[in-house]
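Visitor: 3D model of this:
(2 chains)
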Amino acid sequence: MELDVRAGLEKLAGRLGGEGARLTEAGRLSGGASMETWAFGFEGRDGPERLILRRRNGPFDEESARSVSLATEAKLIQATGANGARVPQVRHVCDDSDGLGEAYVMVRVDGETLGKKIVSDPRFDAIRPALARQCGESLVAIHRTPPPAGLNLKTVDGVAELGRYEEVYRATGAERPILELAFQYLRKHVPTPVEPALLHGDFRNGNIMFDPAVGVAAILDWELAHVGDPAEDMGWICTNSWRFGRPDRPVGGFGDYADLLAGYASAGGREIELSRVRFWQMLGSLRWGVMCLTMYLSWANGVEKSVERPMIGRRVSETEADLVVLLEEGL
Amino acid sequence: MITHPRTEELVESVRLWIDQIRPTLDPRNAFLARVAANALATVGREITAGPAAEAAAVAGMAGVLGHEGDYATLNSELCARIRSGELSVETPGLLAALTIMARDQIAIDQPSYKPEGTAAPTP
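Guide: Next up is the predicted model:
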């Protein structure tokens, strides 16, 4: 598989960089099981280019999947970028002639995506206090982008999301009293529906490229984009599983709620109440807990045999430890 | 059970061996080896701390439900009564019992995890 991708990148260098462009580097970056990320570069007609290839290495059906196709991802990045969002520049959307399957190419952005580093590395000490506000500002450009026509985006609200995850939870057969109580509590506290907006859908520390000098450099990983409550994107970045050991800083382990909300308001976003963010944050913990259960089950059912999967199953208890505190505090 | 070695010592010896060979592995396998070592550390903690955690959970659930039973039975009943709405965050003692269960389980699964509400580290 690796050889196939390298050959594809050689060919792509010629297509993008002009005849005679040669690959100067190509290496797979860490990525998920079904999604590959490759860094590559070439010397082209117009000089050197440093790019990122994002490709799926298996079949995909956008109708039944929770995530969007890579072509949709590329369109969303372009649309939100044109609306002022900090996103990578899409260089090329691959077609059959590229031989790389479902894939697109972005211009490489320098910075750090490892959540733990952003939370604790001294290189980020100076910029860290500004990040929550920047995240709020960044979300406005996304949420104000009209969803591009013709895309197959799902629309989700609190009731639908709870229903979907409860169905998944029931299907696992697991019996976890804390998850049961969280479902019950959240059902009683679903916020009043709002005008839905385009959401990133996986807006958390780990999916944002941060630069130690400027802060938010690029918002990455658009595969869970959908349409829904703007507070959902805010709640997810406040979910404690993505605070990397700093629960005292609710936004991504680096900032405070007030800064996130102030940044959102200052960039012209609709007013959002903290309790609404907290609803989605609690649902975020519950959702991550259910996802951990399904990842364990994919191992138990023999679909995925990596040792990673059953261990992720043991991460359900981190969400339970968070949920009991949130249930005690209330929204 | 026999004590020379105890089960948790066997597990620990394998965990240490994995840690020892990790530097010789390619990046993907080095990562999976770290996960495997963590899995064995979890098994070790479950062997030593699991029985007390389960006893505490059984006592806590029995207190909320008002009768004795084994872990699986009480856990099922607790889930069913929460699902039906009969028990809620307002039920006296429920959140307190669940909090102890959650703390005991995270101490086995991921003792370094800092749950919601943990104060800032002292510099």
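
Visitor: switch to C-alpha atoms for all contacts and neighbour counts from now on
Guide: Will do.

Visitor: Can you give the distance of the helix or strand of chain A with the lowest mean pLDDT from its chain's centre?
Guide: Within chain A, no helix or strand scores below helix A:2-17, which has a mean of 87 by mean pLDDT, DSSP states H and E. Computed by C-alpha atoms, centre = their mean, to the nearest Å, the chain-centroid distance of helix A:2-17 equals 27 Å.

Visitor: what's the answer for stretch A:12-27, then?
Guide: Centroid separation for stretch A:12-27 versus its chain: 29 Å, with C-alpha atoms, centre = their mean.

Visitor: buried ones in that stretch?
Guide: Burial within stretch A:12-27, assessed by neighbour count using 16 or more other C-alpha atoms under 10 Å in any protein chain shown, is assigned to A:12, A:13, A:14, A:17, A:21, A:22, A:23, A:25, A:26.

Visitor: so what's the residue nearest in space to the middle of chain A closest to, chain neighbours aside?
Guide: The centre of chain A sits closest to residue A:202, judged by C-alpha atoms, centre = their mean, with a distance of 2.9 Å. Closest residue to residue A:202 apart from its sequence neighbours, by C-alpha to C-alpha, 6 or more residues apart in numbering or on different chains: residue A:224 at 6.0 Å.

Visitor: Can you get me a residue count around residue A:263?
Guide: Residue A:263: 23 surrounding residues under other C-alpha atoms under 10 Å in any protein chain shown.

Visitor: picking up where we left off before, check the buried residues of stretch A:12-27 one by one and keep those near chain B.
Guide: Checked against chain B using C-alpha under 8 Å from any C-alpha of the partner chain, those yield no neighbours at all.

Visitor: Now flag whichever of those residues is closest to chain B.
Guide: Closest to chain B out of the buried residues of stretch A:12-27 is residue A:26 (16.2 Å), distances taken as C-alpha to the nearest C-alpha.

Visitor: so residue A:306, which of the three states?
Guide: coil (DSSP: H, G, I helix; E, B strand; the rest coil).

Visitor: by contact count, what packs against the longest helix seen in chain B?
Guide: Longest helix in chain B by number of residues (criterion: DSSP state H): helix B:27-65. Here helix B:27-65 touches helix A:308-313, helix B:7-21, helix B:71-83, helix B:94-109, going by 3 or more C-alpha pairs under 8 Å, 6 or more residues apart in numbering or on different chains; DSSP states H and E.

Visitor: would you turn those into TSV with distance to residue A:173, mean neighbour count and mean pLDDT?
Guide: What follows is the helices and strands packed on helix B:27-65, written out as TSV (distance: least, C-alpha to C-alpha, whole Å; neighbours: other C-alpha atoms under 10 Å in any protein chain shown; pLDDT from 0 to 100):
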stretch	distance to residue A:173	mean neighbour count	mean pLDDT
helix A:308-313	14	20	94
helix B:7-21	29	15	96
helix B:71-83	11	18	98
helix B:94-109	19	21	98
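
Visitor: Dump those helices to a markdown table, plus distance to residue B:30.
Guide: As requested, the helices and strands packed on helix B:27-65 are exported to a markdown table (distance: least, C-alpha to C-alpha, whole Å):
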| stretch | distance to residue B:30 |
| --- | --- |
| helix A:308-313 | 12 |
| helix B:7-21 | 9 |
| helix B:71-83 | 37 |
| helix B:94-109 | 21 |
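
Visitor: Which one, of the ones you listed, ends up nearest to residue A:294?
Guide: Proximity to residue A:294 (C-alpha to C-alpha) singles out helix A:308-313 among the helices and strands packed on helix B:27-65, at 7.8 Å.

Visitor: distance between that closest one and the chain's centre?
Guide: That offset, for helix A:308-313, works out to 20 Å (C-alpha atoms, centre = their mean).

Visitor: Any idea how many residues pack against the closest residue to chain B within the stretch 151-300 of chain A?
Guide: Here the stretch 151-300 of chain A gets closest to chain B at one residue, residue A:177, 4.8 Å apart by C-alpha to the nearest C-alpha. Using other C-alpha under 10 Å, residue A:177 has 22 neighbouring residues.

Visitor: so how far is residue B:104 from it?
Guide: Here residue A:177 is placed at a distance of 14 Å from residue B:104 (C-alpha to C-alpha, to the nearest Å).

Visitor: Quick one: residues contacting the residue nearest the centre of chain B.
Guide: Nearest to the geometric centre of chain B sits residue B:105, at 2.7 Å (C-alpha atoms, centre = their mean). Taking C-alpha atoms under 8 Å, 6 or more residues apart in numbering or on different chains as the criterion, residue B:105 is in contact with A:317, B:53.

Visitor: Go again with 10 Å.
Guide: Applying C-alpha atoms under 10 Å, 6 or more residues apart in numbering or on different chains to residue B:105 gives the contacts A:314, A:316-318, A:320-321, B:46, B:49-50, B:53-54, B:57, B:99, B:111.

Visitor: Is residue A:150 part of a helix or strand, or is it coil?
Guide: Classified using three-state DSSP, residue A:150 is coil.

Visitor: one step back: next, the angle from the longest helix of chain B to helix B:7-21.
Guide: Here the directions of helix B:27-65 and helix B:7-21 differ by 150 degrees (axes from the mean of the first three to the mean of the last three C-alpha atoms, to 10 degrees).
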